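J.: The following comprises the amino acid sequence and a computationally predicted model.
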Amino acid sequence: MRIRRTITTALAAIAALGTAEPSAAQSASPVQPSWTRGGVCYEVFVRSFYDSDGDGVGDLRGLTQKLDYVQSLGARCIWLMPVAESPSYHGYDVSDYYRVDREYGTADDFKHLVAEAHRRGIRVLVDMVLNHASSEHPWFKAALADTASPYRDLFVWSSTDPGTKGPWGQTVWHRSPVRAEWYYGIFWQGMPDLNYTKPRAREEAKRVATFWLKEMGVDGFRLDAVPYLVEENGVVNGAPGTHAFLREYAAHVRRIAPNAFTVGEVWDSVAAVLPYYPDQLDAYFSFAISEDILAAVRTGSARSLFADYLALQRTVPAWRWAPFLRNHDQTRTLTALGGDRARARLAAALLLTLPGTPFVYYGEEIGMTGDKPDERLRTPMQWSAAPGLGFTLGTPWETPSADWATTNVAAQERDSSSLLSLYRRLIHLRASDAALGSGELVPLATSDDAVAAYVRRLGDRVVLVVANLDTLPRIGIAVTSSDGLLRAGRHAARSLLGGPPGAPLTVGADRRIRSYVPVDTLAPLQYRVLALTR
């Protein structure tokens, strides 16, 4: 379908819904959704998750059939990569913001998915691609065909070729196929940027949000490539207009659905992300933390593990930042770690015992592999060793990874020591333990940089994590706190992941941990999660 709505109709619809936005003070105070208290979100590429009809392409009915798996994993939220109509396999160039991609199913299929997810206590976020539309979108086609079209304001035009390059040296001004003019598209000529300096574009974006929140029942959005929403005065990344639009958009979402959750993609350092708080989107992905965890596990040193966590913790509540290991644009964890499953297990343990609202990319929990090009990062989910890898009765849309017959859900379901079992245990533990789910992070000094040690603390609930990042054992490693953490007295150290307890801890009147050796020996790449209780 190709939707043909006039801007006048769009604006009238917005007016009918009511357009009064909250004040800046209201916008600056987002409501914490209950699921984020200890919750983990699971990223799904619908095309690759489960095929219900045998055409080789994953679909919404297939995902609905696999919600019990998501629930058993312990995820309280799923983020769906783009599900709106698009001419591309990935969906990041939308040709109709108001229609579900026909390869995935119908609007009714989507609503049924949401209802079944909600029945299981799982929230549904959808990818919202606002920076650009598809060159196949009727809005853009109409704007190309007629310079007097009301859709012209939705895009950025120039009567001459400005000749400027993008932040990666790419061409961003593209020649019109109709006449001597150029249009702006920072990522590709097939993705013309939307023009949020114009009220019409901003109102249409809010109308799309209202449609998905109210008509389709979603619980929020992941917003793609938000630093590039507005280009002004030569600034293309994080321009003032971008922040203004995000503030306006977030205020609208909060008015329509106060408990909705919005998380933005800002692929940059923590320092670059902080200006997007406090009154814009609810949360942002922390790419820096992803790199910190993988670097610590890869190099065997904890020296740089905590700095970015602490910078975020000092600034915004932990539920408002989203750590992860890998996503759909990045080399998968196991591949990035050279196939070392012990290191992959350790990376998962760090992610899921440190603060934030973690996101887990589908297949990471079983150790799927993949590297560029992008299609190889998004291969079909490996469910079993059956033909079609348990994903389809037909031919998968993309050739699966070579290890699919041995690395799959069915094999790991039967193995209590598998990576899948570890993810399940950690995700459920995070949800049930208030300190791990919402507690403050307090790094501890150790007598060896190869050992990471930290406390998660909420009230009187304290959990201690110690992890050997090296491939050699560590014996007698002592940990020390700089501040008073615990009530004076003797504390037991109960293991939260099974196994023997840690050594008892005696705390003096200053409430500090002093040269405490929680376990005699840490095996290579071993981690211990201990509840400290009097």
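T.: Cool, got the structure. Residues are numbered from 1 along each chain as shown.

J.: can you pull the contacts of residue 303?
T.: Residue 303 makes contacts with residue 449, as judged by C-beta atoms under 8 Å, 6 or more residues apart in numbering. Where C-beta positions appear, they are placed from N, C-alpha and C, glycine not excepted.

J.: Oh, that last question was meant for residue 406, not what I typed.
T.: With C-beta under 8 Å, 6+ apart, residue 406 has these contacts: residue 385.

J.: And it, how far from residue 100?
T.: Per C-beta to C-beta, to the nearest Å, residue 406 is found 35 Å from residue 100.

J.: Kindly report the same for residue 453.
T.: Distance of residue 453 to residue 100, computed by C-beta to C-beta: 48 Å.

J.: And for residue 251?
T.: Residue 251 is 27 Å from residue 100, where distance means C-beta to C-beta.

J.: And for residue 202?
T.: Distance, residue 202 to residue 100, by C-beta to C-beta: 24 Å.

J.: Repeat that for residue 288.
T.: 34 Å.

J.: Could you list the domains of the protein?
T.: Following automatic domain parsing, one gets these domains for the chain: 7-129+196-432, 138-184, 436-533.

J.: The longest one: how far from the chain's middle?
T.: I take that to be domain 7-129+196-432. Chain-centre distance of domain 7-129+196-432: 4 Å, with C-alpha atoms, centre = their mean, to the nearest Å.

J.: just to revisit the earlier point, please produce CSV containing the domains of the chain, extended by distance to residue 190.
T.: Converted to CSV, those look like this (distance: least, C-beta to C-beta, whole Å):
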stretch, distance to residue 190
domain 7-129+196-432, 6
domain 138-184, 9
domain 436-533, 42
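
J.: could those domains go into a markdown table alongside mean pLDDT?
T.: Rendered in a markdown table, the data for the domains of the chain read as follows (pLDDT from 0 to 100):
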| stretch | mean pLDDT |
| --- | --- |
| domain 7-129+196-432 | 94 |
| domain 138-184 | 96 |
| domain 436-533 | 96 |
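
J.: Which of those has the highest mean neighbour count?
T.: Highest mean neighbour count among the domains of the chain (mean count of other C-beta atoms under 10 Å): domain 7-129+196-432, with a mean of 19.

J.: Ramachandran coordinates for residue 194?
T.: Phi and psi for residue 194, reported as degrees, to the nearest 10, are phi -80, psi 150.

J.: and what of residue 424?
T.: Backbone torsions for residue 424, taken as degrees, to the nearest 10, come to phi -60, psi -50.

J.: which ones are touching it?
T.: Per C-beta under 8 Å, 6+ apart, neighbours of residue 424: 72-74, 365.

J.: one more time with 6 Å, if that's ok
T.: residue 73 (C-beta atoms under 6 Å, 6 or more residues apart in numbering).

J.: quick one: it from residue 210, how far?
T.: In this view, residue 424 and residue 210 are 36 Å apart by C-beta to C-beta.

J.: For the longest helix anywhere in the chain, which helices and strands make contact with it?
T.: The longest helix of the chain (DSSP state H) is helix 240-256. Using 3 or more C-beta pairs under 6 Å, 6 or more residues apart in numbering; DSSP states H and E, the elements in contact with helix 240-256 are helix 199-210.

J.: Specify the angle between the helix it packs on and helix 240-256 in degrees.
T.: Using axes from the mean of the first three to the mean of the last three C-alpha atoms, to 10 degrees, the inter-axis angle of helix 199-210 relative to helix 240-256 is 40 degrees.

J.: Run through the neighbouring helices and strands of the very next helix or strand once past helix 199-210.
T.: Going down the chain from helix 199-210, the next helix or strand is strand 220-223, by DSSP states H and E. Where contact means 3+ C-beta pairs under 6 Å, 6+ apart, strand 220-223 is packed against strand 123-128, strand 261-264.

J.: Tabulate the ones you listed (CSV), appending distance to residue 134.
T.: Shown next, in CSV, are these (distance: least, C-beta to C-beta, whole Å):
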stretch, distance to residue 134
strand 123-128, 14
strand 261-264, 21
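
J.: Mind checking those for the one nearest to residue 35?
T.: Residue 35 lies closest, by C-beta to C-beta, to one member of the helices and strands packed on strand 220-223: strand 123-128, at 5.3 Å.

J.: ok, residues contacting the closest one?
T.: Taking C-beta under 6 Å, 6+ apart as the rule, strand 123-128 contacts 35, 77-83, 114, 117, 218-223.

J.: Closest one of those to residue 383?
T.: Closest to residue 383, out of all of the contacts of strand 123-128 and judged by C-beta to C-beta, is residue 78, at 16.7 Å.

J.: hang on, that closest one is in a strand, isn't it?
T.: Yes. Under DSSP: H, G, I helix; E, B strand; the rest coil, residue 78 sits within a strand.

J.: Tell me the bridge partners for it.
T.: As for beta bridges, residue 78 partners with residue 42, residue 124 under DSSP bridges.

J.: and the gap between it and residue 39?
T.: Distance of residue 78 to residue 39, given as C-beta to C-beta: 11 Å.

J.: among the helices and strands packed on strand 220-223, which is nearest residue 468?
T.: strand 261-264 (32.4 Å).

J.: Tell me the strands beside the closest one, with direction?
T.: Applying DSSP bridges, strand 261-264 is found paired with strand 220-223 (parallel), strand 283-285 (parallel).

J.: Kindly reformat those as a markdown table containing distance to residue 306.
T.: A markdown table is the format used below for the strands paired with strand 261-264 (distance: least, C-beta to C-beta, whole Å):
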| stretch | distance to residue 306 |
| --- | --- |
| strand 220-223 | 26 |
| strand 283-285 | 18 |
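
J.: Quickly note the distance from residue 86 to residue 479.
T.: According to C-beta to C-beta, residue 86 stands 51 Å off from residue 479.

J.: now residue 533
T.: 17 Å.

J.: Tell me which residues touch the nearest residue to residue 107 once chain neighbours are set aside, please.
T.: In this structure, residue 107 finds its nearest non-sequential neighbour in residue 100, 5.5 Å apart by C-beta to C-beta, 6 or more residues apart in numbering. By C-beta under 6 Å, 6+ apart, the contact list for residue 100 reads 83, 107, 110.

J.: And what about residue 238, helix, strand or coil?
T.: Judged by three-state DSSP, the three-state class of residue 238 is coil.

J.: cool, residue 398 as well?
T.: Three-state assignment for residue 398 (three-state DSSP): coil.

J.: What residues does it make contact with?
T.: By C-beta under 6 Å, 6+ apart, the contact set of residue 398 is 375, 379.

J.: ditto for the one 10 residues further on
T.: Contacts of residue 408 were listed using C-beta under 6 Å, 6+ apart, and they are 382-384.

J.: could you say which helix or strand contains the nearest residue to it once chain neighbours are set aside?
T.: In this structure, residue 408 finds its nearest non-sequential neighbour in residue 382, 4.2 Å apart by C-beta to C-beta, 6+ apart. Under the criterion DSSP H and E, no helix or strand holds residue 382.

J.: quick revisit: write down the beta-bridge partners of the residue nearest to residue 107, one by one.
T.: Counting by DSSP bridges, residue 100 is bridged to residue 84.

J.: beta partners for residue 456?
T.: residue 441, residue 463.

J.: looking at it, it is touching residue 463, isn't it?
T.: Yes. Here residue 456 reaches residue 463: they are 4.7 Å apart, a contact under C-beta atoms under 6 Å.
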